[in-house]
Structures are given as C-alpha cells and as structure tokens.
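> Let me see the structure of the following:
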Amino acid sequence: MEACADVLIIIDLQNGVCYNHEHLFELEKLLTKVNDRISLYRKRHKPIVFVQHCDEELVPGEEQWAINAKLDVQAQDFLVQKIHANSFYKTNLKEVLDQLNVQSIEFCGAQTEYCVDATVKFAHGLGYKNLMVRNATSTLNHSFMSAKETIHFYENMWNHRYLEFIYDEK
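Down below sits the predicted model:
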C-alpha cells in the first residue's frame, strides 16, 4: 500500500506561477504527479489543502491567481491564501491543521527554492513529520542553476533533515 500523510498540501500551483514567461520545469509531469497524489488522498478520505500566493501579480479572483485548471480541486478541499513564501506566515494554515489533528504533512508544488522550501522548513520547526514524493516540486531555470539542478539540490538538502521521501523514483 502506498504511503501518505495525514494531509496533502499543494503550494502555489497557480496559473501565474506555472507559467510566467516560461513554464515551470516539467510542468505536465508535475501536474500529473500531483493529481495522482490527490487521487490517493481522496481514496483514503484524507484532507487536501491548496495554498495560493497573493501579491500584485497574483491578485485574488484574477486568472493568474487561479489554481491550474488541470488540478482536481473539489469543494471539500481547504484553500489557504498567503502573502509570504512561508505558507504558515499570517495565514490560517496552522489552525486548519490543528482542527484536522494533523501530525504529518505531504508537500508538493512550486517553487522549490522559495515557497516550498520555506514552508517545509517551518513545518519541520513546528514538529510536523514532513513527507514528499521525489520530483513533486518544480521551479524555473536561473542564470546560476538549472531548474533540474535546483530541484535535485533541495531534495538532497531536505532528505532526512526536514522531510522523508515516500518512495524514490528511478
């Protein structure tokens, strides 16, 4: 049986994050992987939280702010709006997790080195058991490191420090 946490948190897979002058690295693979995880959580009747970043480019209610239409968002899912890379900062995320009696969290989303990293580390500091499937985050290429290198770097840094990988892909 495939492992999962008490809750699945999907960070910033919004239209304006998935595509802003260029697509996130391996976007279609990421969306498929996230939907596979969503499906597993739905089958197990476990909660799903979608986190949406809000700023001058990602304005609530506008198309860029909306969650990517390829993701399976349903009415029972929890939606959290944030204004900072850390999904816990000035949001109701901790209260939602407390109400659900969450001890473990599975993370996925974007961007690897910004919002996912900040949230994973903060959740670790709060005492949650953090889980992830490899390559369940994405980012853009930078002048100093490719998206693939960035994802690999952060996964290696997180592994056994801030989270555990559910299974390793080859």
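
> just the helices in this structure please.
Assigned by DSSP state H, the helices in the chain fall at 15-18, 27-43, 93-99, 117-125, 147-158.

> Let's test this: name the helix or strand in the chain with the lowest mean pLDDT.
Ranking every helix and strand in the chain by mean pLDDT, DSSP states H and E puts helix 15-18 at the bottom, with a mean of 92.

> which residues does G16 contact?
By C-beta atoms under 8 Å, 6 or more residues apart in numbering, the contact list for G16 reads 57-58, 63-65. Placement of C-beta: from N, CA and C, glycine included.

> possible to save the residues you listed as JSON lines with distance to K33 and pLDDT?
Shown next, in JSON lines, are those (distance: C-beta to C-beta, whole Å; pLDDT from 0 to 100):
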{"residue": "E57", "distance to K33": "25", "pLDDT": "92"}
{"residue": "L58", "distance to K33": "23", "pLDDT": "94"}
{"residue": "E63", "distance to K33": "24", "pLDDT": "93"}
{"residue": "Q64", "distance to K33": "23", "pLDDT": "93"}
{"residue": "W65", "distance to K33": "23", "pLDDT": "95"}
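
> Buried ones among the residues you listed?
58, 65 (16 or more other C-beta atoms under 10 Å).

> okay, the contacts of G16 in JSON lines with distance to Q111 next?
Formatted as JSON lines, the contacts of G16 follow (distance: C-beta to C-beta, whole Å):
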{"residue": "E57", "distance to Q111": "13"}
{"residue": "L58", "distance to Q111": "12"}
{"residue": "E63", "distance to Q111": "19"}
{"residue": "Q64", "distance to Q111": "15"}
{"residue": "W65", "distance to Q111": "16"}
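
> quick one on the thing from earlier: of the helices of the chain, which approaches S138 most closely?
S138 lies closest to helix 27-43 among the helices of the chain, at 4.8 Å (C-beta to C-beta).

> residues in contact with that closest one?
Residues contacting helix 27-43 (C-beta under 8 Å, 6+ apart): 2, 4, 7-8, 10, 13, 18-19, 24, 47-48, 68, 70-72, 74, 106, 108-110, 133, 135-138.

> Kind regards, and thank you for your time.
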